[in-house]
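S.K.: need a structure here:
(chains A and B)
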Amino acid sequence: MKTATARPPRDVAAPTGADHPPPRRTGAWTWLRRSYRRYWYAWAMVLPVVVVLGVLVGYPLGWGVYLSFTDANEMNVAKDIGVNHVPATYDVIGLDNYWHILSGEEGNFYPRLWWTVVWTVSCVFFHYTIGLGLALLLNRRMRFRALYRVLLILPWAVPAFVAAFSWRLMFNSQYGVFNAILTDLGMDPVDWLNGPTSQKVAVVMVNVWLGVPFMMVALLGGLQSIPSELHEAAEMDGASAWQRFRHVTLPGLRPVSSTVILLGTIWTFNMFPIIFLMLGQGNSADSEILVTYAYRLAFAGVRDYAGAATYGICILSILLVFSVFYRKAISDESPGGRPRTTRRREAVR
Amino acid sequence: MTATVSTPSDRRSSGAAPAPARVRRRGQRSTAASVALHATLIGACLIAVFPVLFIFFISLKDRNGWQDPTGVSGGLGLDNYRHVLSETEFPRWFANSVIVACGTMVVGVFIAASAGYAISRMAFPGRRPLMWTFLVTQMFPVAVLIVPLYNILGDLGQLNTYTGLVISYCSVSVPFCAWMLKGYFDTIPVDIDEAGRVDGLTPFGVFYRLVLPLARPGLAVTAFYTFLTAWGEVAFARAFMNSEDMATLSAGLGTFVGQHKQEWGLMTAASIMITVPAGLVFFFAQKHLVSGLTAGGTKG
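M.R.: As a prediction, the model looks like this:
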């Protein structure tokens, strides 16, 4: 990695192309022909991915956008009944779906959005702080370090749906182990998965349990990449432990932190299995996040394909806006106005 | 000056808290700090390990043993495992999951490898937009694609088939693999490519004969992680595989504890059997996993 960044990366394929700006456009056609001659192997290499993305992501996405402008549901989409083919009878109704959802008329979007935000923020907060704490502890010289590390990343190895069912058993109000412990201690059992607040606490707990190891390992990697000379220098200059943490460790972790927080936010926002499987079907509409709610719209009861598609587009827009602002905030905040990542990326171009 | 004098004591006293002091071999940590450090870590490990051990414990009891979570009344044995393997559809679901996850893994890595290489090494028009597309597709919630994919697969008659599910998983795994592999190719020195070019290889030759063999560990990690993602996916599997004999593990496991059945004993045994292979694969892959995941983001 070091070698690749230490000197300006050269463009292996087109030795003259990387360091010079593309030739002035004399005409789109000439430009295209010239760059085809220079870059055709690069394009040939990315072609499979572009085709697959176009077919598997682009086309369904376009179809989803189209659906969100219609009133498609289970009743009026094209289907085969026996040998008869029933053509689709749904209509394009323009922005009605969006209006219906965003105006609050439908009554589910804003409560679900609010809970999704609370869920995401609390999960990512605990993931990050606990992960950072454990990473700092593990970054010391001590006995059994390797053992601790292996045990601590164990939750990551458990598939999310297995974790969801396992915790459901442990939270079981009658036979769950938590309530057994509570009763033994002389306290009242808690109906974990049915109370409106307790079920939210429960799902956040489970997701924190699942998500901390990733943060921990990522931040540990970040900590180990901070040169120890920086700490030594700070110590020589009389910085206290807190000051060293605040002014050496945290800035050193910045590139890793910004990436894992962005990834973690996206993943948690879309975290489907935990909420869907732990709270089961029925009596939990209050604790649905946007993704699980959209899924239920599409596949439970009378299937409301248009509504689910609209929800999907809304979720995607929220995430896109968030990440654009996030990246911008990160680059504005960092010293010198531009983050190292951007500078390095420019060097590549 | 005074600050310098106070530093050692600071360090010693801060050892107990999750302090950032980078401990060098100087024996600065006091006994109390050591005890606190180990106690915290042991506590955290217990929390991390407890659910897994507990489920394992329950799975060893008899079929209704889960109703007595803290005792061992029925004795321990492998009854649940025997029952799950011989009298439920579990082996079938297991096979389905293996087929789908392997298919996704092979297709994902195969398609994505060359793109990861091109993005890592060549500055071509369209490189930045492509990187962005990879990032944005990670944001795609299930909810955006699931309805259109369901309709499209339905039209093509691919619901309830392995192909259909593998194809839908590829919408996630291909950009992800390209992203991971790009990160790995970045760590292979460019000099190797140049040497190959000087010796007369085409860019494709460099890729297939030099870089791919060197990237084997990276390919393995990417493949395994793709496998695990497919292994643990829930939403697509439940929506697209709706007949019992085509269900994958994530859909099948739920049938043990539906509305009319509460077979938690069997569920725990199945959980353990699902987790063990995934866990083995995971521990093999985890070393390089994080660097791969974050590399794409921190380096353009």
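S.K.: contacting residues for the closest residue to residue B:69 other than its chain neighbours?
M.R.: Of all residues not flanking residue B:69 in the chain, residue A:177 sits nearest, at 4.2 Å (CB to CB, 6 or more residues apart in numbering or on different chains). Every C-beta, even on glycine, is put in place using the N, C-alpha and C of the backbone. Under the criterion of CB atoms under 8 Å, 6 or more residues apart in numbering or on different chains, the neighbours of residue A:177 are A:170, B:54, B:69, B:70.
S.K.: what's the closest of these to residue A:230?
M.R.: Of all these, the one with the least separation from residue A:230 (CB to CB) is residue B:54, at 42.9 Å.
S.K.: any idea how far residue B:79 is from residue B:58?
M.R.: 12 Å (CB to CB, to the nearest Å).
S.K.: the more surrounded of those two?
M.R.: residue B:58 (26 against 19; other CB atoms under 10 Å in any protein chain shown).
S.K.: Tell me which helix or strand the more buried one sits in.
M.R.: helix B:31-60 (DSSP states H and E).
S.K.: Can I get stretch A:185-203 in CSV? Just the C-alpha atoms.
M.R.: Output of stretch A:185-203 as CSV, limited to C-alpha atoms (Å, rounded to 0.1, in the frame of the first residue of the first chain):
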residue,chain,number,x,y,z
LEU,A,185,-32.8,-12.1,41.6
GLY,A,186,-36.3,-11.4,42.9
MET,A,187,-37.3,-8.9,40.2
ASP,A,188,-40.3,-8.8,38.0
PRO,A,189,-39.9,-10.4,34.6
VAL,A,190,-40.1,-8.1,31.6
ASP,A,191,-42.1,-8.8,28.5
TRP,A,192,-39.2,-8.0,26.3
LEU,A,193,-40.5,-8.4,22.8
ASN,A,194,-44.0,-7.1,23.3
GLY,A,195,-43.7,-3.9,25.2
PRO,A,196,-43.4,-0.9,22.9
THR,A,197,-40.3,0.4,24.6
SER,A,198,-38.7,-2.8,25.7
GLN,A,199,-38.8,-4.3,22.3
LYS,A,200,-36.9,-1.3,20.9
VAL,A,201,-34.3,-1.6,23.6
ALA,A,202,-34.1,-5.3,22.9
VAL,A,203,-33.5,-4.9,19.1
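S.K.: What are the buried residues along it?
M.R.: Buried residues in stretch A:185-203, counting neighbours by 16 or more other CB atoms under 10 Å in any protein chain shown, are found at A:190, A:192, A:193, A:199, A:200, A:202, A:203.
S.K.: Let me know whether stretch B:146-153 sits next to chain A.
M.R.: Yes: if you take CB under 8 Å from any CB of the partner chain as the test, stretch B:146-153 does meet chain A, through B:146, B:147, B:148, B:149, B:150, B:151, B:152.
S.K.: correction: stretch B:225-240
M.R.: Yes: in terms of CB under 8 Å from any CB, part of stretch B:225-240 sits within range of chain A, namely B:228, B:231, B:232, B:234, B:235, B:238, B:239.
S.K.: residue ranges with poor pLDDT in chain B?
M.R.: Confidence mapping of chain B against pLDDT under 70 gives the ranges B:1-28, B:73-74, B:259, B:287-300.
S.K.: make it 50
M.R.: By pLDDT under 50, the low-scoring segments of chain B are B:1-17, B:23-27, B:296-300.
S.K.: Please enumerate the helices of it.
M.R.: With helices called from DSSP state H, chain B shows them at B:2-14, B:31-60, B:79-87, B:90-121, B:127-139, B:142-156, B:162-186, B:190-198, B:203-205, B:212-214, B:216-232, B:235-240, B:249-252, B:264-298.
S.K.: Tell me if residue A:190 really is in a helix.
M.R.: No: counting by DSSP: H, G, I helix; E, B strand; the rest coil, residue A:190 is not found in a helix; it is coil.
S.K.: what sits against it?
M.R.: Contacts of residue A:190 (CB under 8 Å, 6+ apart): A:173, A:178, A:179, A:182, A:198.
S.K.: before we move on, back to that, now for the residues of stretch B:225-240 next to chain A: which two are most distant?
M.R.: In those, the most distant members under the criterion CB to CB are B:228 and B:239, with 20.4 Å between them.
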